[in-house]
Each structure stands twice: as C-alpha cells, then as structure tokens.
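**Student:** Please work out how this folds:
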Amino acid sequence: MGRIESHRDLIVWQKAMDLAVNVYKLCSSFPPDERFRLTSQITRAASSVPANIAEGHARATRKDYARFLAIAKGSLMEAETFLTLALRLEYLAGTQAAPTQHLITEVSKMITAIRSKLVGS
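**Tutor:** Next up, the predicted model:
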C-alpha cells in the first residue's frame, strides 16, 4: 500500500468521486422540470461527499477530520434519500440505480471505519 500524500490517494475519496459522477449521469435522465428541484439537490449532496472528505483530510487535527467525515456521511445519506425519491417517482429503474446504491453503501462503511479510527471508538 502506498503512502497517503493527498486526499486524492484516499480510496474513500476516489469512490466518493465515482459516486458523484454516477449521480450526475443518472440525473441526465430526469425530467427537465426537475432541473432546479430534485436534480439540483441530489447533485449538490453527492458532490459534497468527496468535497468534505478532501477538506477534512486537509485539516490540521484528527478532530476536524472526523467532523468533516461526519458531514460527508450526512451528505451521503441525503444523496441516498434523494436517489430513493427518484426511484419512487419512477425517474429511474432499480437496475439503473443499483450501482450507485452499492457505492453509497461502500462509501458509508468506509467513512464510518475511518471516523472510528480517528475518534478512537
């Protein structure tokens, strides 16, 4: 395993970026009238996940990093909720959303594991 020199080296950040890209691609199939509603909310939430991981990693203390990971986890759950809403509104088929849902689960577990190591619980 290589040395972590930047947030870009973090697997969790890389997977969170993949998640954000997936969400943007999924939103391209949403109805045009959702552009300033659901599309805006889900893309903002999804893009906040890797952004908060990066910002937390750049912070000077473990406590700050843990706090930004908690914020990233909140944004992740927000994105998951909006994705579920899109499914219920039938903007997406389950097969379209499944890879993104899998990434959400994976990133969530990774954030939880890193945060646990940082806060010592």
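
**Student:** C-alpha only now, for contacts and for neighbours.
**Tutor:** OK.

**Student:** would you list every one of the helices in this protein?
**Tutor:** 11-27, 38-58, 62-88, 94-119 (DSSP state H).

**Student:** In JSON lines: these, plus distance to R3, mean pLDDT and mean neighbour count.
**Tutor:** Compiled in JSON lines, these are given as follows (distance: least, CA to CA, whole Å; pLDDT from 0 to 100; neighbours: other CA atoms under 10 Å):
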{"stretch": "helix 11-27", "distance to R3": "12", "mean pLDDT": "98", "mean neighbour count": "20"}
{"stretch": "helix 38-58", "distance to R3": "14", "mean pLDDT": "97", "mean neighbour count": "21"}
{"stretch": "helix 62-88", "distance to R3": "18", "mean pLDDT": "97", "mean neighbour count": "19"}
{"stretch": "helix 94-119", "distance to R3": "16", "mean pLDDT": "96", "mean neighbour count": "15"}
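
**Student:** quick one, which of these is nearest to E5?
**Tutor:** helix 38-58 (10.1 Å; CA to CA).

**Student:** Off-centre distance for the closest one?
**Tutor:** Helix 38-58 sits 6 Å away from the centroid of its parent chain (CA atoms, centre = their mean, to the nearest Å).

**Student:** Give the other helices and strands that it contacts.
**Tutor:** helix 11-27, helix 62-88 (3 or more CA pairs under 8 Å, 6 or more residues apart in numbering; DSSP states H and E).

**Student:** got the contact list for S108?
**Tutor:** K73, L76 (CA atoms under 8 Å, 6 or more residues apart in numbering).

**Student:** Take the helices and strands packed on helix 38-58 and lay them out in CSV including distance to T105.
**Tutor:** Below are the helices and strands packed on helix 38-58 laid out as CSV (distance: least, CA to CA, whole Å):
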stretch, distance to T105
helix 11-27, 11
helix 62-88, 9
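
**Student:** Distance check, S29 against Y91.
**Tutor:** 7 Å (CA to CA, to the nearest Å).

**Student:** the more surrounded of those two?
**Tutor:** Comparing S29 with Y91 by other CA atoms under 10 Å, the one with more neighbours is Y91, at 17 against 11.
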